[in-house]
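Asker: Provided below for reference: sequence and predicted model.
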Amino acid sequence: MALRSLWKPVLLYTGLLGLLTVGTVYFATHSLAFILVLAAVGLLVAVLNGGTAGTTSLGGAENSDDGEAEFDEAGLLPHPSTAVPLRLTLLLYGLGVFLWSLAVLIVLGDTLA
């Protein structure tokens, strides 16, 4: 995935959806505890989806007459796709929720009950 194609998902998931989530929780509760929990959940989602799988081994795939079809069913063949992978989506959303929660805690922390 090219870096130029990442600006839309970053703006959407980190900027807009993260802000909407934190804003909704803030306006619904005005609670410091909920914003802290939201920050922790956002960080957890970002950390769990930020890691990458190591190198994969093809030792589990058996050779057959039509080996390519077997790799295709296993999802090992590359498929060009313009869709944003789920892990990247969750990573960006978790970062957005975490960063917006921190912004709310820093700016409005003294007004939260």
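Answerer: That came through fine. Numbers count the residues shown, from 1 in each chain.

Asker: for stretch 105-113, give me every contacting residue.
Answerer: 26, 30, 31, 32, 35, 36, 39 (C-beta atoms under 8 Å, 6 or more residues apart in numbering). C-beta coordinates here come from the backbone N, C-alpha and C atoms, glycine included.

Asker: what about it, average pLDDT?
Answerer: Per-residue pLDDT over stretch 105-113 has a mean of 87.

Asker: buried sites along it?
Answerer: Across stretch 105-113, burial judged by 16 or more other C-beta atoms under 10 Å covers 105, 112.

Asker: just give me how far it sits from the chain centre.
Answerer: Here stretch 105-113 shows a centroid-to-chain-centroid distance of 26 Å under the convention C-alpha atoms, centre = their mean, to the nearest Å.

Asker: please save the CA atoms from the lengthiest helix in the chain in PDB.
Answerer: For the chain, the longest helix by residue count, based on DSSP state H, is helix 86-108. Below are the C-alpha coordinates for helix 86-108, written out as PDB (Å, rounded to 0.1, in the frame of the first residue of the first chain):
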ATOM      1  CA  LEU A  86      -8.900  -4.400   8.800                       C
ATOM      2  CA  ARG A  87      -5.800  -4.300  11.000                       C
ATOM      3  CA  LEU A  88      -4.800  -0.900   9.600                       C
ATOM      4  CA  THR A  89      -8.300   0.400  10.100                       C
ATOM      5  CA  LEU A  90      -8.400  -0.800  13.700                       C
ATOM      6  CA  LEU A  91      -4.900   0.600  14.300                       C
ATOM      7  CA  LEU A  92      -5.800   4.000  13.000                       C
ATOM      8  CA  TYR A  93      -9.100   4.100  14.800                       C
ATOM      9  CA  GLY A  94      -7.500   3.000  18.100                       C
ATOM     10  CA  LEU A  95      -4.800   5.700  17.700                       C
ATOM     11  CA  GLY A  96      -7.500   8.300  17.000                       C
ATOM     12  CA  VAL A  97      -9.600   7.300  20.000                       C
ATOM     13  CA  PHE A  98      -6.400   7.300  22.200                       C
ATOM     14  CA  LEU A  99      -5.100  10.700  20.900                       C
ATOM     15  CA  TRP A 100      -8.500  12.400  21.100                       C
ATOM     16  CA  SER A 101      -9.100  11.100  24.600                       C
ATOM     17  CA  LEU A 102      -5.700  12.500  25.600                       C
ATOM     18  CA  ALA A 103      -6.700  15.800  24.100                       C
ATOM     19  CA  VAL A 104      -9.900  15.900  26.000                       C
ATOM     20  CA  LEU A 105      -8.100  14.900  29.300                       C
ATOM     21  CA  ILE A 106      -5.500  17.600  28.800                       C
ATOM     22  CA  VAL A 107      -7.900  20.400  27.700                       C
ATOM     23  CA  LEU A 108     -11.000  19.600  29.700                       C
END
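
Asker: perfect, I'm done here.
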